[in-house]
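got a sequence here, can you build the structure:
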Amino acid sequence: MEITRRKVKDLLEMTAGEEVLAKGWVRTKRGNKEIAFIALNDGSTIKNIQIVVDKNPDTEAVLAKISTGACIGVQGKLVESVGSGQAVEIRASQITVYGECDPMRFPLQKKDTSFEYLRTVAHMRPRTNTFGAILRLRSQMAFAIHEYFHSRGFVYLNTPLITASDAEGAGQMFQVTTLPLDNVPKDKKGRPDFSKDFFGKQTSLTVSGQLEGELGATALGEIYTFGPTFRAENSNTPRHLAEFWMIEPEMAFYDIQDNMDLAEDFIKHLVRYALDNCYDDVKFLNDRYDPELIERLQGVIGTRFVRLEYTEGIKILEEAVKNGVQFEYPVSWGVDLQSEHERYLVEKHFGKPVILTGYPKDIKAFYMKQNEDGKTVRAMDVLFPKIGEIIGGSEREADLRKLEARIDELGMSRRNLEWYIDTRRFGTCPHSGFGLGFERLLLFVTGMQNIRDVIPFPRTPKNAEF
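From the prediction side, this is the model:
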């Protein structure tokens with residue numbers, strides 16, 4: 001009778017006595033003259049299952065082909081383990097080698113390897129325990145995001161990746177073109193003639209799905225986007241990527257308070273989900289890299305986030321400077337807070353997450369609702385320990401006259417924004433939204449220090465490998 005393959009995760013939860021079949025990749029092989037012990041992992045769990053093989057003339061040839069990294073199939077009896085670390089193990093009766101692995105050339109050796117080196121072999125790093133844990137967590141968090149919004153009646157809206165509008169107004173966009181770069185057609189003023197391009201106009205990869213998301217919210221009520229976004233920002237920092245994923249809900253009839261409530265509930269749900277459903281992986285990362293990880297995650301769930309006006313936050317930071325705290329970047333009303341300022345408020349002053357609101361309008365995007373004081377807008381940033389800003393959002397400006405005045409004030413081209421302004425011309429409504437950088441969330445959940453280590457294939461300046 002043919003035996004069905006079972007995943008390692010399931011095998012480890014079974015009771016001894018059954019004939020089983022496991023397939024996976026060899027983590028380690030060790031042993032003595034009589035017995036070989038093989039640690040097998042198939043990616044379903046951080047844990048390995050131990051394979052016990054009697055050494056004899058029949059097994060000698062196959063064992064010689066097995067080394068770290070090899071892919072094998074093992075049939076045998078699931079028995080109680082006499083060693084520590086696992087309840088059951090497989091006593092092998094038959095081994096098939098699917099793919100040998102040259103130990104001299106295999107880029108993953110048993111010794112600890114730096115994250116910097118692993119980024120150079122990003123196609124192999126999912127085979128390590130650390131990146132197996134990170135990628136499983138990434139998958140589970142993606143599921144939890146969809147589950148959260150689906151259970152609350154939000155509509156999942158797919159916004160375009162190729163766009164003619166700059167949602168952030170920063171101009172840091174990757175251009176999309178089919179024009180021949182060795183002979184770009186020019187118009188009468190000597191500029192590239194985009195009328196001859198594929199879309200007939202200048203287009204770029206999106207920096208955000210927000211503007212299109214607002215269209216959805218003003219028709220469907222509550223929507224969310226979840227997809228890749230792109231920033232041509234020459235930032236070589238542990239917190240920036242050129243290609244990353246964003247979750248952007250937009251909600252009709254939500255004011256700034258509703259927006260803050262949703263953001264806090266949403267992120268608590270995701271952290272709670274990670275602890276409830278991915279504990280083995282989280283604990284591995286806690287024990288291996290960040291001994292305060294689980295405590296920090298539990299702390300987020302169990303506390304109400306501080307709601308803090310930007311003006312009050314500046315006063316706290318200025319007082320800290322007076323008391324001898326040194327910041328690399330100066331602090332004064334009107335500056336855009338740096339990560340060091342955000343982390344001081346969260347980690348040193350309050351000791352809990354902070355939602356900062358009421359930012360100066362001059363440092364925020366054109367679409368944010370202006371307050372009555374004429375100086376500030378109803379923006380909100382959720383600030384987390386070790387990360388700084390993890391969520392950014394606002395109540396959106398619903399007043400047509402104010403929105404048009406702000407666009408003109410900033411000297412923005414209205415040519416590609418008329419469709420967006422229509423949402424204020426025809427049945428405008430109060431609405432709000434925010435964006436959560438998926439990789440920023442994963443930095444917090446995994447305890448990793450560099451954002452390049454929570455995405456399978458990082459895209460950064462001068463790096464587009466694999």
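
for the rest of this, base every contact and every neighbour count on C-alpha atoms.
Noted.

which SS class is the nearest residue to Lys352 once chain neighbours are set aside?
Counting by Cα to Cα, 6 or more residues apart in numbering, Val346 is the residue found nearest to Lys352 once chain neighbours are left out, at 5.4 Å. Recorded secondary structure, Val346: helix (DSSP: H, G, I helix; E, B strand; the rest coil).

and for Val346, the neighbour number?
24 (other Cα atoms under 10 Å).

can you check the pLDDT for it?
For Val346, the pLDDT comes out at 96.

and what of Leu285?
At Leu285, pLDDT is 98.

just the one 4 residues further on next, same as before
pLDDT, Tyr289: 96.

quick check: it vs Asn259, distance?
Applying Cα to Cα, to the nearest Å, the value for Tyr289 to Asn259 is 34 Å.

and the helices in the stretch 301-450 of the chain, which stretches?
310-322, 339-343, 400-409, 418-425, 438-446 (DSSP state H, counting those that start in this stretch).

quickly compare those helices and say which is most buried.
helix 438-446 (a mean of 23; mean count of other Cα atoms under 10 Å).

output that helix as CSV, restricted to C-alpha atoms.
Provided in CSV are the C-alpha atoms of helix 438-446 (Å, rounded to 0.1, in the frame of the first residue of the first chain):
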residue,chain,number,x,y,z
PHE,A,438,4.0,45.5,5.6
GLU,A,439,7.7,45.2,6.1
ARG,A,440,7.7,47.7,9.0
LEU,A,441,5.1,45.5,10.7
LEU,A,442,7.3,42.4,10.0
LEU,A,443,10.3,44.2,11.5
PHE,A,444,8.3,44.6,14.7
VAL,A,445,6.8,41.1,14.8
THR,A,446,10.1,39.3,14.0
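
tell me the gap between that helix and the middle of its chain.
Centroid separation between helix 438-446 and its chain, computed with Cα atoms, centre = their mean, to the nearest Å, is 5 Å.

contact partners of that helix?
134, 137-138, 239, 244-247, 271, 274, 282, 285, 293, 297, 386-387, 390, 449-451, 454-455 (Cα atoms under 8 Å, 6 or more residues apart in numbering).

ditto for stretch 173-188
162, 166, 192-193, 196-198, 202-207, 230-232.

sec struct for the closest residue in space to Gly69 that isn't next to it in sequence, please.
Closest residue to Gly69 apart from its sequence neighbours, by Cα to Cα, 6+ apart: Val26 at 5.1 Å. Here Val26 is strand, with the state taken from three-state DSSP.

returning to that earlier point: which one, of the helices of the stretch 301-450 of the chain, ends up nearest to Asn41?
The closest of the helices of the stretch 301-450 of the chain to Asn41 is helix 438-446. By Cα to Cα, the value is 20.6 Å.

hang on, the earlier thing: and the gap between the residue nearest to Lys352 and Leu78?
50 Å.

pLDDT weak spots in this structure?
Within the chain, the stretches with pLDDT under 70 are 1, 110-111, 167-171.

can we see that at 90?
Applying pLDDT under 90 to the chain flags residues 1-2, 82-86, 108-113, 164-172, 233-240, 302, 386-388, 412-416, 466.

ranges for the strands of the stretch 201-350 of the chain?
Counting by DSSP state E, counting those that start in this stretch, the stretch 201-350 of the chain has strands at residues 203-205, 222-230, 243-252, 306-309.

those: which one's closest to Glu328?
The nearest among the strands of the stretch 201-350 of the chain, by Cα to Cα, is strand 306-309 at 22.5 Å.

helices or strands up against that closest one?
If you count contacts as 3 or more Cα pairs under 8 Å, 6 or more residues apart in numbering; DSSP states H and E, strand 306-309 packs onto strand 354-360.

strands paired with the strand it packs on, and their directions?
Here strand 354-360 is paired, per DSSP bridges, with strand 306-309 (parallel), strand 376-384 (antiparallel).

what angle separates it from helix 310-322?
Strand 354-360 and helix 310-322 are oriented at 110 degrees to each other (axes from the mean of the first three to the mean of the last three Cα atoms, to 10 degrees).

show me which positions of strand 354-360 end up buried.
Of all the residues in strand 354-360, those buried under the rule 16 or more other Cα atoms under 10 Å are 354-360.

ok so, going back, next, count neighbours for the residue nearest to Gly69.
22.

OK, contacts around it?
Contacts for Val26 (Cα under 8 Å, 6+ apart) come out as 38-41, 66-72.

how close does it get to Val97?
With Cα to Cα as the criterion, Val26 and Val97 are 11 Å apart.

overlap of the contact sets of these two?
66, 70-72.

neighbour-wise, which one of the residues you listed leads?
Ile66 (24 neighbours).

didn't Trp333 look like it was pressed against Gly313?
No: assessed by Cα atoms under 8 Å, Trp333 is found out of contact with Gly313, at 9.4 Å.

can you give me the end-to-end distance of stretch 280-294?
Per Cα to Cα, stretch 280-294 runs 11 Å from first to last residue.

need the residues that contact it.
When contacts are defined by Cα under 8 Å, 6+ apart, stretch 280-294 is touched by residues 45-46, 130, 133-134, 136-137, 274-275, 445-448.

just give me the closest of the contacts of Val26 to Glu212.
Distances from Glu212 to those, taken as Cα to Cα, are shortest for Asn41 (43.1 Å).

count of neighbours near Asp187?
Applying other Cα under 10 Å, we find 12 residues neighbouring Asp187.

ugh, typo on my part, it should be Pro103
Neighbours around Pro103, by other Cα under 10 Å: 14.

mind checking the SS state of it?
Looking at Pro103 with three-state DSSP, the answer is coil.

what's the distance between it and Ile66?
Taking Cα to Cα, one finds Pro103 at 10 Å from Ile66.

list the buried residues for the helix or strand that contains Leu135?
Here Leu135, judged by DSSP states H and E, is contained in helix 129-151. Under the neighbour-count criterion of 16+ other Cα under 10 Å, helix 129-151 has 129-138, 140-141, 144-146, 149 buried.

wait, Phe226 sits on Ile247?
Yes: with contact defined as Cα under 8 Å, Phe226 and Ile247 form a contacting pair (4.4 Å).

one step back: in CSV, list the strands paired with strand 354-360 along with distance to Thr113 and mean neighbour count.
What follows is these, written out as CSV (distance: least, Cα to Cα, whole Å; neighbours: other Cα atoms under 10 Å):
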stretch, distance to Thr113, mean neighbour count
strand 306-309, 39, 15
strand 376-384, 29, 26
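
out of these, flag the one nearest Met14.
Between the strands paired with strand 354-360, strand 376-384 lies closest to Met14; by Cα to Cα that is 39.9 Å.

give me the residues contacting that closest one.
In contact with strand 376-384 (Cα under 8 Å, 6+ apart) are residues 256, 260, 263, 342-343, 346, 352-361, 364, 368-371, 389-396.
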